[in-house]
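[1] Here is my input; please provide its structure:
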Amino acid sequence: GDTGKSLGSTNNSMSTDTGASSMSGVIDETNQDIILNRIDEKLRTKLLPFQMKGIFFIVNRAGRGLIGDEMGCGKTLQAIGCMQYYRNHWPVLILLPPTLINQWKSELLANCSRSLLTEKDISVVKKASDAVCGKVTLISYSLLDKLTANKAISPDRFGIVIADESQNLKNKDAKRTYTALPFLKQAKVAICLSGTPALNRPVELYTQLNATIPYVFNDYEAFVRRYCDAKPSAFQQNTLDVRGSSNEIELRLLLESMVMIRRLKIEVISDEVLGTKQREVRYVHLNPGLMKQFDKLKKQEQEIERKLHDPSADESTKNKYRNDQRVLTNYKYQLTGKAKVQRVLDELKLLLEEADKDKVSEILRRKRVSSEKQVDVVAPVADCIEISDDDEVPAMPTADGNTSACVFPEEPTETLVQPGDKANVESVDYN
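    Below is the predicted model:
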């Protein structure tokens, strides 16, 4: 009773399209079949049993919840499955970091039949002047502010809202959070996806919980006093220090029963067929400078191919052309490598954000780096990698041996911080 009182309460009833779910009930096998039959066969045949359970979990909670599975467990597929089940509530708004837009578009097209969704039905909004239309709209968190300010988009427009990497909304005072929450709250179906639910710092969960089930989590101060060990700040007057945690077991039970499902890879690998390596294609969009280089290479390849099929060319000449082909191929590898660098950095930053801090701390401890030096040594790594904005690439290698191939740096040499040393980023040479 105290918990319910501290978080807020409501008499609102909840229902789904088929009546197959309820907050307190468990979906039986018959209703599971009903749910699966409403999911496109193109996706249904790919879903692993634990991913189906994730969809059942959301449906069982009237389409409102947080999928907090560890990275690599298929949160995107589960969200698409929920979208398909609740297709009567389309159009769909998907909020996400800009680096994930192309991945989401590819996953939507790969897992929805053409009768349900085509490329024309997907609206990718990359600037404030782009039209917001179609069955599914993909918008980055950073752009949502501008679109809302221009009245190009409003919360009452979408029946389904999905927030991918929803930890981006953890700061309740941030402008992006203030703008995004009404879309999630007003939607008939609201799903948050995050590989890092931040159970070790519950305050970061509050906005996501308030977005998905606002009739329960609607009192910030009550929440932080009960679950964040809130106390007066020693540095600011009339401010609470909410960096701690309290009543952790109670909060976990509350979350798992009402709003959140979380599985780790190690929990599902033994039960499902995740033992084989899962490969995923990520498409890289090149900047105009690199595209010009690729166009130039294509023309040169076509010209060499034409000369190779010239009946008047002797074998010695053809061998020279074949060597030119090999040189061009090597150069293409260099060029594509450069084109992928920024995307690789984006992926690494995402992995670092989702990494379990305890695991990182343990790895560092084994390398004889004390935990208190973790931030000084690890955090700057991504920032130390510099990518030139210059579109120029190395000069084209020639077939006469006078090549100007890229020179790659040597393997980085690392000096481990010893106990008692000052944590200094300069002690690690990243070249």
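[2] ok, now how distant is residue 71 from residue 265?
    Counting by CB to CB, to the nearest Å, the gap from residue 71 to residue 265 is 8 Å. (C-beta placed from N, C-alpha, C; glycine too.)
[3] likewise residue 167?
    Noted for residue 167: a distance of 19 Å to residue 265, by CB to CB.
[4] If you count surrounding residues, which of these two has more?
    Set residue 167 next to residue 265 and count neighbours by other CB atoms under 10 Å: residue 167 wins out with 21 against 13.
[5] That one and residue 306, how far apart?
    Counting by CB to CB, the gap from residue 167 to residue 306 is 54 Å.
[6] now the stretch 301-431 of the chain, which segments are flagged as low pLDDT?
    Residue ranges of the stretch 301-431 of the chain with pLDDT under 70: 350-351, 353-431.
[7] Give me the neighbour count for residue 341.
    13.
[8] what packs against the helix or strand where it lies?
    Using DSSP states H and E, residue 341 sits within helix 315-354. Under the contact criterion of 3 or more CB pairs under 8 Å, 6 or more residues apart in numbering; DSSP states H and E, helix 315-354 touches helix 288-308, helix 381-384.
[9] Can I get those in TSV including distance to residue 321 and mean neighbour count?
    Shown next, in TSV, are those (distance: least, CB to CB, whole Å; neighbours: other CB atoms under 10 Å):
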stretch	distance to residue 321	mean neighbour count
helix 288-308	5	13
helix 381-384	43	12
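[10] need the ones you listed in TSV with distance to residue 83, can you?
    Formatted as TSV, these follow (distance: least, CB to CB, whole Å):
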stretch	distance to residue 83
helix 288-308	33
helix 381-384	32
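[11] Which among the ones you listed is found nearest to residue 239?
    Closest approach to residue 239 among the helices and strands packed on helix 315-354 is made by helix 381-384 (29.8 Å; CB to CB).
[12] Let me know the secondary structure of the residue nearest to residue 170 when sequence neighbours are not counted.
    Counting by CB to CB, 6 or more residues apart in numbering, residue 170 lies nearest to residue 204, which is 3.9 Å off, once chain neighbours are set aside. Look at residue 204: counting by DSSP: H, G, I helix; E, B strand; the rest coil, its state is helix.
[13] same question, residue 66
    What three-state DSSP gives for residue 66 is strand.
[14] any idea how far it lies from residue 309?
    For residue 66 relative to residue 309 (CB to CB), the value is 60 Å.
[15] just to revisit the earlier point, report pLDDT for the residue nearest to residue 170.
    Residue 204 is assigned a pLDDT of 91 by the prediction.
[16] all helices of the stretch 51-200 of the chain, in order?
    All helices of the stretch 51-200 of the chain, identified by DSSP state H, counting those that start in this stretch, fall at 75-85, 101-111, 141-149, 175-186.
[17] could I get the last one in CSV with only the CA atoms?
    Taking only C-alpha atoms (Å, rounded to 0.1, in the frame of the first residue of the first chain), the coordinates of helix 175-186 have been written out as CSV:
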residue,chain,number,x,y,z
LYS,A,175,15.0,19.5,-23.7
ARG,A,176,14.9,16.3,-25.7
THR,A,177,13.2,14.5,-22.7
TYR,A,178,10.7,17.3,-22.3
THR,A,179,9.8,17.1,-26.0
ALA,A,180,9.7,13.3,-26.3
LEU,A,181,7.7,12.3,-23.2
PRO,A,182,4.3,13.7,-24.5
PHE,A,183,4.6,11.5,-27.6
LEU,A,184,5.1,8.4,-25.5
LYS,A,185,2.5,9.3,-22.9
GLN,A,186,-0.3,10.0,-25.4
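[18] Quick one: list the elements packing against it.
    By 3+ CB pairs under 8 Å, 6+ apart, helix 175-186 packs against strand 92-96, helix 141-149, strand 160-164, helix 206-212.
[19] returning to what we had before: tell me which of the helices of the stretch 51-200 of the chain is the most buried.
    Highest mean neighbour count among the helices of the stretch 51-200 of the chain (mean count of other CB atoms under 10 Å): helix 75-85, with a mean of 25.
[20] what angle separates that helix from helix 101-111?
    50 degrees (axes from the mean of the first three to the mean of the last three CA atoms, to 10 degrees).
[21] so what secondary structure elements neighbour helix 75-85?
    Using 3+ CB pairs under 8 Å, 6+ apart, helix 75-85 sits against helix 41-44, helix 49-59, strand 64-67, helix 101-111, strand 160-164, strand 189-193.
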